[in-house]
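Asker: Turn this into a model:
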Amino acid sequence: MKYHIITFGCQMNISDSERIAAVLESMKYEEALNLKEADLVVLNMCSVRQPAVDRVYGLVPQFTALKTKNKGFKTVLTGCILKPERAKLAKIFDFVLDKEYLDKWPQLLKGKEIEAKKSDYLKIDPKRTNKIQSFVPISNGCDNFCTYCAVPFTRGKLVSRNYKDILKEVKNLADNGYKEIWLLGENVNSYNSKGISFAKLIKEIDKIERKFWLRFTSPHPKDFSDELIKALKESNKFVPYINLPVQAGDNTILRKMNRPYTREKYLSLVKKIKKAFKDNISISTDIIVGFPDETEAQFKNSERLMKEVRFDMAFISEYSPRPQSFSYERLENNVLKKDKKRRAAALNKILKETALKNNKKLLNKEVEVLVLEKEGEYCNGRTDQNKAIRFKSNEDLSGKFAKVKILKATAWNLEGKLIKPRLIVVLGPTASGKTDLAIDLAKKFNGEIVTADSRTIYRGMDIGTAKPKDLKRVLHYLIDIVSPNEEFNVALFKQEAIKRIDEILERGKSPILVGGTGLYIKSIVENLEFPLVKADDKLRNKLEKKSTEELFVIYDNLDKEGAKIIDKNNKRRLIRAIEVSLSLNEPFFKERKKEPVYEVLQIGIKINKKELEERIRKRVDKMIKQGLEKEVRKLYKKYGFNIPPMQTIGYREWEDYFNKKESLENTIEKIKINTIKFAKRQMTWFKKDKTIKWI
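Answerer: From the prediction side, this is the model:
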């Protein structure tokens, strides 16, 4: 059985539909890709505007046609339904169900009777339909009774959710990588739960770790307190966009609408908000034209208000009377339709002018953008001020934050150029002091370190890999992430490293990549694409029996270009390259460069040969004193010497010593000589890169 949900109306209805989907899937329904595939259709309607109601009736012929083809086809109506419309639509739909009974829907859809007791349906975990943006209802219903509005009659009086439930939901979204979270309510800033006001709720949400943008809708001007403005200004999560519905710019019309503020108070509030954010905020509004008895002079007041505020966006609607509302019952809908259309067009013209002027102020400025999708050669997203923007990118940056320089502005859209995030890379041969330099840079430039070392990733390999000890003073990533017997390669490294680098950037810190594994560094700097090829144990066992010289010949025959740059003395690297080439049936080092993701400064530590050899010898002696023999013996007992990590320098040399084929002195000397040779090979690799700044 399959279901399909059709949603009309505001973000609250979208959020409700996610909870409906969760309930249906708990009943073992599967989501249908379209209406024709569905056995059950749920229509989540909106009675706030007549056009939304008309769309419901417009779907009825399709439902009738589907019923003739599928005898089991059923329809459910839910959402914001006014009583007169409910009575008519109940004759068309198989079920008319309230969301307040959502937890009982499984029984109701089976025709069972239930106890007439409403529940808090917002406690149901929703099935999220978007992996980047999400809506979190904080209240339901409204107590304002604006004379034009049907919401109190469809959703009832305002009920605030328990603030702990809200915080739990927001934290869960943040932990799951959501980047934009909207708080929803018909009158969001009148929220109050156990003494926690909307302003206090904002402060509590601000304590949640991880980066995400916080937005909300819709507030009421009468409840926009100084405490709330201060909380928003001081918040690290709230981004500078506010929808502040004015509805009309004339005091007489505002009184008739039961909007308890004057145009003067509204203008004063806007001025206060703009001053708090130093004009770095985008403000949109909702406005109705053609309210009963609205004269031309009163409409002109709305025009003047639009010009004075200079809105970035406005949702302009022509008045339509809604059943059960005060204006429907008591006021005559006496403004001509042609006059409503003309007035709406006049306001839209003003909006286009002010929005264009506001957007042009952003030209040549850098803005932060949340990327929502990749479409062709462009990434589309929203700025922190909720303005639509696009920029060219070879990479799909969906779900990521990006810095963009604005190059073009229209009234409704921006276009810009991607500014690549900056990455510092510290590299050099073993024992050159690159980790110490990286730590100093991290302290100076508010940085965090991602390690590009193919050995420090392994747990238990501490002394022989010279792992940094002051990990608490400066955060390091990709240390101790896998066991020595687990598969790890450059493709997996690249995945993990980019993830960590992006997290560091999101926290507003400077990422520093440090290490001596050239291919690991190259994979990030040049954005090399490496296939995720699984290990072939049978092939590896066969290749392990061959010498490095034999392996190099095999690889040279498979990949001439790769053979020119690979470390021909690195048995592990040669085996992996052969394995991947055979699996892909093509050269491993086939041109795999993509557009670099980061703007990179590579700092290389240059040290003379004699001093480097002396440092290496001292370092090995220090490792011996720290207990390297004991560490290797422990690993040997657990894993043996056949796994790749145990074949690295500082570990493989102990095999003959443990088998009493070599003395301790000779074993230590072998480690020193092999490390010196390895450092030389590292420098040979690094010197091929002409972009490295040597110090």
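Asker: Tell me if residue 395 really is in a helix.
Answerer: No. Counting by DSSP: H, G, I helix; E, B strand; the rest coil, residue 395 is located in no helix; its state is coil.
Asker: I'd assumed residue 598 was in contact with it.
Answerer: No. With contact defined as CB atoms under 8 Å, residue 395 does not reach residue 598; the gap is 10.9 Å. Where you see a C-beta, it was placed from the backbone N, CA and C, and this is true even at glycine.
Asker: and those two? which has more neighbours close in?
Answerer: More crowded of residue 395 and residue 598, by other CB atoms under 10 Å: residue 598, with 20 against 17.
Asker: Not counting sequence-adjacent ones, nearest residue to that one?
Answerer: Using CB to CB, 6 or more residues apart in numbering and skipping the chain neighbours, the partner closest in space to residue 598 is residue 423 (3.9 Å).
Asker: Buried ones in the helix or strand where the one you found lies, by neighbour count?
Answerer: Assigned by DSSP states H and E, residue 423 belongs to strand 422-427. By 16 or more other CB atoms under 10 Å, the buried positions in strand 422-427 come out as 423-427.
Asker: Can you list the strands that it pairs with?
Answerer: strand 510-515 (parallel), strand 599-604 (parallel) (DSSP bridges).
Asker: what comes into contact with it?
Answerer: With CB atoms under 8 Å, 6 or more residues apart in numbering as the contact definition, strand 422-427 has outside contacts at 434, 437-438, 441, 445, 447, 452, 501, 510-516, 518, 521, 524-525, 598-605, 686, 692.
Asker: And the average pLDDT for the helix or strand where residue 170 lies is what?
Answerer: Assigned by DSSP H and E, residue 170 belongs to helix 163-175. The average pLDDT for helix 163-175 rounds to 96.
Asker: So which elements touch it?
Answerer: Judged by 3 or more CB pairs under 8 Å, 6 or more residues apart in numbering; DSSP states H and E, helix 163-175 is in contact with strand 133-137, strand 180-184, helix 198-206.
Asker: For stretch 494-508, could you pull out the residues that count as buried?
Answerer: 494, 496-498, 500-505.
Asker: Output that stretch as CSV - backbone C-alpha positions only.
Answerer: Extracted C-alpha coordinates of stretch 494-508, given in CSV (Å, rounded to 0.1, in the frame of the first residue of the first chain):
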residue,chain,number,x,y,z
LYS,A,494,39.9,12.2,1.8
GLN,A,495,36.3,11.6,2.9
GLU,A,496,37.1,12.0,6.6
ALA,A,497,39.6,14.9,6.1
ILE,A,498,37.1,17.1,4.0
LYS,A,499,34.4,16.4,6.6
ARG,A,500,36.6,17.6,9.4
ILE,A,501,37.9,20.6,7.5
ASP,A,502,34.4,21.7,6.7
GLU,A,503,33.3,21.3,10.3
ILE,A,504,36.2,23.5,11.4
LEU,A,505,35.3,26.1,8.9
GLU,A,506,31.7,26.1,10.0
ARG,A,507,32.8,26.9,13.6
GLY,A,508,34.6,29.9,12.2
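Asker: distance between it and the chain's centre?
Answerer: Counting by CA atoms, centre = their mean, to the nearest Å, stretch 494-508 is centred 12 Å from the centre of its parent chain.
Asker: Give me the helices and strands touching the lowest-mean-pLDDT helix or strand in the chain, please.
Answerer: Scoring the helices and strands of the chain by mean pLDDT, DSSP states H and E places helix 560-565 at the bottom, with a mean of 77. The helices and strands touching helix 560-565, judged by 3+ CB pairs under 8 Å, 6+ apart, are helix 548-558.
Asker: how long is stretch 208-219 from one end to the other?
Answerer: Terminal residues of stretch 208-219 are spaced 23 Å apart (CA to CA, to the nearest Å).
Asker: buried set for it?
Answerer: Residues of stretch 208-219 classed as buried: 208, 210, 212-219 (neighbour count, 16+ other CB under 10 Å).
Asker: what's the answer for stretch 298-312, then?
Answerer: Neighbour-count burial for stretch 298-312 [16+ other CB under 10 Å]: 298-299, 301-303, 305-306, 309-312.
Asker: And stretch 222-240, by the same measure?
Answerer: 222, 224, 228-229, 231-232, 237-240.
Asker: What average pLDDT does it get?
Answerer: Averaged across stretch 222-240, pLDDT comes to 97.
Asker: Could I get the CA-only coordinates of it as PDB?
Answerer: Below are the C-alpha coordinates for stretch 222-240, written out as PDB (Å, rounded to 0.1, in the frame of the first residue of the first chain):
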ATOM      1  CA  LYS A 222       2.700  43.900  19.400                       C
ATOM      2  CA  ASP A 223       4.800  41.200  21.000                       C
ATOM      3  CA  PHE A 224       8.200  42.200  19.600                       C
ATOM      4  CA  SER A 225       9.800  43.300  22.900                       C
ATOM      5  CA  ASP A 226      13.100  45.000  23.600                       C
ATOM      6  CA  GLU A 227      14.100  41.700  25.400                       C
ATOM      7  CA  LEU A 228      13.500  39.800  22.100                       C
ATOM      8  CA  ILE A 229      15.500  42.300  20.000                       C
ATOM      9  CA  LYS A 230      18.400  42.000  22.500                       C
ATOM     10  CA  ALA A 231      18.300  38.200  22.400                       C
ATOM     11  CA  LEU A 232      18.300  38.100  18.600                       C
ATOM     12  CA  LYS A 233      21.100  40.600  18.400                       C
ATOM     13  CA  GLU A 234      23.300  38.600  20.800                       C
ATOM     14  CA  SER A 235      22.400  35.200  19.300                       C
ATOM     15  CA  ASN A 236      25.100  33.300  17.400                       C
ATOM     16  CA  LYS A 237      22.400  31.200  15.700                       C
ATOM     17  CA  PHE A 238      19.800  33.700  14.500                       C
ATOM     18  CA  VAL A 239      20.500  35.100  11.100                       C
ATOM     19  CA  PRO A 240      19.400  38.600  10.100                       C
END
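Asker: which ones are touching the residue lying closest to residue 74 once chain neighbours are set aside?
Answerer: Spatially, and ignoring its direct neighbours in sequence, residue 74 is nearest to residue 94 (4.7 Å; CB to CB, 6+ apart). By CB under 8 Å, 6+ apart, the contact list for residue 94 reads 74-76.
Asker: Filter those residues down to the ones in strands?
Answerer: 74-76 (DSSP state E).
Asker: mind listing the helices for the stretch 101-250 of the chain?
Answerer: Remark: helices assigned in the stretch 101-250 of the chain by DSSP state H, counting those that start in this stretch are 105-108, 151-154, 163-175, 198-206, 226-234.
Asker: Relative to residue 137, tell me which of the ones you listed wins on proximity.
Answerer: Among the helices of the stretch 101-250 of the chain, the nearest to residue 137 by CB to CB is helix 163-175 (8.5 Å).
Asker: List the buried residues in that closest one.
Answerer: Result for helix 163-175 [16+ other CB under 10 Å]: buried residues 163, 166-167, 169-170, 173-174.
Asker: and these as JSON lines, adding distance to residue 537?
Answerer: As requested, the buried residues of helix 163-175 are exported to JSON lines (distance: CB to CB, whole Å):
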{"residue": "163", "distance to residue 537": "54"}
{"residue": "166", "distance to residue 537": "50"}
{"residue": "167", "distance to residue 537": "48"}
{"residue": "169", "distance to residue 537": "45"}
{"residue": "170", "distance to residue 537": "45"}
{"residue": "173", "distance to residue 537": "41"}
{"residue": "174", "distance to residue 537": "40"}
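Asker: which among those gets closest to residue 670?
Answerer: Of all these, residue 670 sits closest to residue 174, with 50.9 Å by CB to CB.
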